[in-house]
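Visitor: Fold the stuff below for me.
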Amino acid sequence: MTESTAPQSEHRTVLLRGGEVHSPADPFATAMVVERGHVAWVGSEGAADAFAAGVDEVIDLEGALVTPAFTDAHVHTTATGLALTGLDLSRADSLADALRLVREHSAAHRADTVLLGHGWDATRWPEQRPPSRAELDEATGGRPLYLPRIDVHSAVVTTALLDLVPGVTGRTGYHPDAPLTAAAHHAVRAAAHGAITPQQRAAAQRAALARAASLGIGSVHECAGPDISDEDDFVSLLALAEAEAGPRVVGYWAERVANAKDAQRIRELGAIGAAGDLFADGSLGSHTACLHTPYADAAHTGTAHLDAADVAAHVAACTEAGLQAGFHAIGDAALTAVTEGIRAAADSLGLARVRAARHRIEHAEMLTPETIAAFAEFGLTASVQPAFDAAWGGDTGMYAQRLGVDRARTLNPYAALLRAGVPLAFGSDSPVTPLDPWGTVRAAAFHRTPEHRVSVRAAFTAHTRGGWRAVGRDDAGVLVPGAPADYALWRTGELVVQAPDDRVARWSTDPRSGTPGLPDLTPGGELPVCLRTVVFGRTVFERPNE
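Guide: The predicted structure is shown next:
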């Protein structure tokens, strides 16, 4: 790819030509003009000649694909950066391997006040159990260590970390030698994160945003809150994203709102909604998602953090204040409570007002026909993570272990949501699953349960335009004149139109429907490589020449 050496600026006019531009304005477009941070024109190579003399820069795409930049609709930025720069146990293939990694990390980070890690998943290990406290005490030499499970809804810790949290043994979710959950987990997480210096935090945030940019992600939705991080972390991230070149960061703060004063405080933090991980329940992996009937491998139904009355009060207060509300809800009982609560708010305020607020639900895994219908009725956005199914779906995966095969097959019904008219916004919940936008699109298109699959085109839309719509913007996430110039350039193979039943039409676009092509994402093949990411006309990532 060749270009002039003029400096990048969102106020300059740039012509991109000689590639494939994914745009509904022209399914055969090969060129695009960007002016003052917005798309000014898309069209054919021949017509591009008329613009060449009046632009500040001409970029020869050399056959590259241009698409809207991805939006990751559920990210924990600082935690993602800490996982990228610290102890990541997602690659451990056994308990013994995990303990080895803990020992090595402890030896290499002797100056750290508290050791931080992430990503263990005992369901993938032959031992089928997490490390004990005694094992972690030995591996760290008696130092404080916080080690959350991959879903971040439970954690194992060392004795030295417990000693930093007075009264933790009396909190809900404390277990003498098992993963901590609920209030006990939140307390040790606060103590561990409280040991992070501002410099460490900023470095982690930069690392996470740089990784996102390198993957063609132009926007992330930060899902923060008092049970996940803290206000300093949230405010500092928004300030860093505002001051430095990188992906846009849209902030959600997961705290309940009771009145206009609460709503104003949420806004003053910089959040656009009291949403994200406002927990109605926990996770399936940690046995804390709230179910109607017991787990297949545990004699209980999980944990409910909110009931329908709690949900109704929050949604009503947010709607009255013009603030977006939302909840983390995974289990079928949690989703029932959420939809019943939203119905009560709609009965009180009027359905049109609730729909207009575009409230959102994170994860929404154990949906039923009734709750899907409620999502459609109330105009709820389903902010979902297809990589969850890729990681834990299937007849032998963690979902099947927790729920049994039949219930596991009902999870993450993306096709049914789309048929009902429910807007989808795709994300990763990073660091729970990695930032990986094309992998996410592939996971939705090749869902482990075939009836839940959607087309590559629908999945791509959910991971681009869907994220913008989830924050109330209908004019972005697509390359058409007037839209923000958030885009990415890709090295990819043949462009195809790919349907959810795996049939692939081998043409660059469908001449009958004018459908732009996208990369072939058939499992096993290589995913596109990001060459450049641009946000509001400004380059935030460029791959070095190889």
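
Visitor: Give me the below-cutoff pLDDT ranges for this protein.
Guide: Scanning the chain for pLDDT under 70 picks out 1-10, 499-515, 546.

Visitor: mind listing the helices for the stretch 51-200 of the chain?
Guide: Under the criterion DSSP state H, counting those that start in this stretch, helices of the stretch 51-200 of the chain are mapped to 77-85, 95-108, 133-140, 159-162, 182-194, 198-214.

Visitor: Show me the strands in the stretch 251-400 of the chain, by range?
Guide: 273-274, 324-329, 360-363, 381-384 (DSSP state E, counting those that start in this stretch).

Visitor: Next, format those strands as TSV and append distance to Ala122 and mean neighbour count.
Guide: C-beta here means a position set from N, CA and C on the backbone, and glycine is covered the same way. Below are the strands of the stretch 251-400 of the chain laid out as TSV (distance: least, C-beta to C-beta, whole Å; neighbours: other C-beta atoms under 10 Å):
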stretch	distance to Ala122	mean neighbour count
strand 273-274	34	30
strand 324-329	22	29
strand 360-363	21	28
strand 381-384	25	28
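
Visitor: Figure out which of those is closest to Thr181.
Guide: Counting by C-beta to C-beta, Thr181 lies closest to strand 324-329 out of those; the figure is 14.5 Å.

Visitor: So which elements touch the closest one?
Guide: Other helices and strands packing on strand 324-329, by 3 or more C-beta pairs under 8 Å, 6 or more residues apart in numbering; DSSP states H and E, are strand 273-274, helix 308-321, helix 332-349, strand 360-363.

Visitor: May I see these organised as JSON lines, with distance to Arg448 added?
Guide: Formatted as JSON lines, these follow (distance: least, C-beta to C-beta, whole Å):
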{"stretch": "strand 273-274", "distance to Arg448": "31"}
{"stretch": "helix 308-321", "distance to Arg448": "30"}
{"stretch": "helix 332-349", "distance to Arg448": "19"}
{"stretch": "strand 360-363", "distance to Arg448": "17"}
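
Visitor: Which one, of the ones you listed, ends up nearest to Ala289?
Guide: helix 332-349 (6.7 Å).

Visitor: Same question for that closest one: list its buried residues.
Guide: 332-346, 349 (16 or more other C-beta atoms under 10 Å).

Visitor: Excluding its own residues, what touches stretch 383-391? List them.
Guide: Residues from elsewhere that reach stretch 383-391 (C-beta atoms under 8 Å, 6 or more residues apart in numbering): 73-74, 221, 326, 360-365, 397-398, 411-412, 414, 424-429, 432-434, 436, 439-444, 447-449, 452, 459, 470.

Visitor: Out of the buried residues of helix 332-349, which comes closest to Asp49?
Guide: Ile342 (53.7 Å).

Visitor: pretty sure the closest one contacts Asp310?
Guide: No. Counting by C-beta atoms under 8 Å, Ile342 sits too far from Asp310 to count as a contact (11.6 Å).

Visitor: Turn the strands of the stretch 251-400 of the chain into JSON lines, including distance to Ala476.
Guide: As requested, these are exported to JSON lines (distance: least, C-beta to C-beta, whole Å):
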{"stretch": "strand 273-274", "distance to Ala476": "17"}
{"stretch": "strand 324-329", "distance to Ala476": "16"}
{"stretch": "strand 360-363", "distance to Ala476": "17"}
{"stretch": "strand 381-384", "distance to Ala476": "15"}
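
Visitor: just to revisit the earlier point, tell me which of the helices of the stretch 51-200 of the chain sits nearest to Val257.
Guide: helix 182-194 (19.6 Å).

Visitor: Extract the CA atoms of the closest one and return them as PDB.
Guide: Extracted in PDB, the C-alpha atoms of helix 182-194 (Å, rounded to 0.1, in the frame of the first residue of the first chain):
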ATOM      1  CA  ALA A 182     -20.700 -12.500  45.500                       C
ATOM      2  CA  ALA A 183     -19.800  -9.900  48.100                       C
ATOM      3  CA  ALA A 184     -16.600 -11.700  49.200                       C
ATOM      4  CA  HIS A 185     -15.300 -11.700  45.700                       C
ATOM      5  CA  HIS A 186     -16.100  -8.000  45.200                       C
ATOM      6  CA  ALA A 187     -14.300  -7.200  48.400                       C
ATOM      7  CA  VAL A 188     -11.000  -9.000  47.400                       C
ATOM      8  CA  ARG A 189     -11.200  -7.600  43.900                       C
ATOM      9  CA  ALA A 190     -11.500  -4.100  45.300                       C
ATOM     10  CA  ALA A 191      -8.400  -4.700  47.500                       C
ATOM     11  CA  ALA A 192      -6.400  -6.100  44.600                       C
ATOM     12  CA  HIS A 193      -7.300  -3.400  42.200                       C
ATOM     13  CA  GLY A 194      -6.700  -0.800  44.800                       C
END
